[in-house]
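**Student:** Just a sequence and a predicted model for now, questions to come.
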Amino acid sequence: MDNIQPPSGRVGATAAFALVLAVAAALTACASTSPLGTQTIPPPLPPASSPVVVESPRGVDVAAICGLRPSSDRAPVTAGRIEACSTLVPRLNNALVVALRGQLPPVAVLTSSLNNTSGEPLGGRTPTFFPKPGGAGTLTYAAPVQIRNGDFTAHLELTVGTFDSAPTLAPCPSRAQADDMRAKGIVTNRCGRMVDLAGNILVINDVSSPFGTGEWADVLLRTYSVTAYRPDGIVVAVTVSPVLENATDPTRFQPGDQPTMFTSDQVVALATDRSLTLIGP
């Protein structure tokens, strides 16, 4: 995070999103520096009512997706019965689309951002989960999704996995780290650890980061990151950020945070959606 390079169209947007992901990772790494107490909060607000459209996973090549699973992966017994990849991926894909459709207008378009080394879609254009390496004794599936709603675009990354232990402290920056972030134009709007009435431990980060330097420094991308550690041993992490496409003229954008496609409550609702689980029916 030492230097923020000037953007160039969608490349700048990708770089900015990588920056905020790095910020989120840095915040998690410094959990021990912030002894904030655990709070109890009410359940997240339900999403606004909208038609739910169940999209068929027919376009997903499940064999190709499940072939990505590292042979060293093993599911910890503490998480219960983990469903086989061949049936887990289609079920998770459908659950994700239903959950997103419940949060978005019917006209929103959802596509997978999972590509092979040639930049071609891997497994199809329908949003899909794929297995990825986790820590020792953990199993994780991730789904990178691009969302378009009219003139707005967002990138969403959702992972579902298992965990050994949840953090006991809020992963917030120390005073020195906050000062360094502020000097780079990065603003932490919210950071905390809480427990909801269902027993989920929620780690929430809300960060605004500059899209670039110079004239772009006042154009901010606001990223919501929510990680839910559930009592059943499943952890769901959601990160969502706006994407600026064809961004060649900073005067086209208002200074400050650019429009976001989700609210913080909606991201919490996604992270605590019980249908997003590795444990089969």
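**Tutor:** Looks like it arrived, so ask away. Numbering: from 1, shown residues only.

**Student:** how about the helices in this structure?
**Tutor:** Secondary structure of the chain (DSSP state H): helices at 10-29, 62-66, 85-101, 175-183, 264-271.

**Student:** worst average pLDDT in these?
**Tutor:** Among these, helix 10-29 has the lowest mean pLDDT, at a mean of 43.

**Student:** Would you state the strands of the protein in chain order?
**Tutor:** Secondary structure of the chain (DSSP state E): strands at 39-41, 109-112, 130-132, 140-149, 152-162, 187-196, 201-210, 219-229, 234-243, 256-257.

**Student:** comparing those, which gets the lowest mean pLDDT score?
**Tutor:** Looking at the strands of the chain, the lowest mean pLDDT belongs to strand 39-41 (a mean of 36).

**Student:** before we move on, back to that, adding mean neighbour count and distance to residue 274, write the strands of the chain out as CSV.
**Tutor:** (Glycine included, C-beta is placed from N, CA and C.) As requested, the strands of the chain are arranged in CSV below (neighbours: other Cβ atoms under 10 Å; distance: least, Cβ to Cβ, whole Å):
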stretch, mean neighbour count, distance to residue 274
strand 39-41, 11, 18
strand 109-112, 17, 21
strand 130-132, 19, 21
strand 140-149, 19, 16
strand 152-162, 21, 11
strand 187-196, 17, 13
strand 201-210, 21, 14
strand 219-229, 24, 10
strand 234-243, 23, 9
strand 256-257, 12, 31
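
**Student:** if you take the average position of the protein, which residue is closest to it?
**Tutor:** The centre of the chain sits closest to residue 239, judged by Cα atoms, centre = their mean, with a distance of 2.1 Å.

**Student:** quick one: that residue and residue 154 touch, right?
**Tutor:** No. Contact criterion Cβ atoms under 8 Å: residue 239 and residue 154 do not qualify, at 10.5 Å.

**Student:** quick revisit: please report how far the residue nearest to the centre of the chain lies from residue 91.
**Tutor:** 22 Å (Cβ to Cβ, to the nearest Å).

**Student:** likewise residue 260?
**Tutor:** Using Cβ to Cβ, residue 260 is found at 29 Å from residue 91.

**Student:** do the same with residue 68
**Tutor:** Distance, residue 68 to residue 91, using Cβ to Cβ: 17 Å.

**Student:** swap in residue 139?
**Tutor:** In terms of Cβ to Cβ, residue 139 sits 15 Å off from residue 91.

**Student:** So between these two, which is more surrounded?
**Tutor:** Legend: neighbour count by other Cβ atoms under 10 Å for residue 139 and residue 91, higher for residue 139 (23 against 18).

**Student:** Distance check, residue 114 against residue 264.
**Tutor:** Counting by Cβ to Cβ, the separation of residue 114 from residue 264 is 26 Å.
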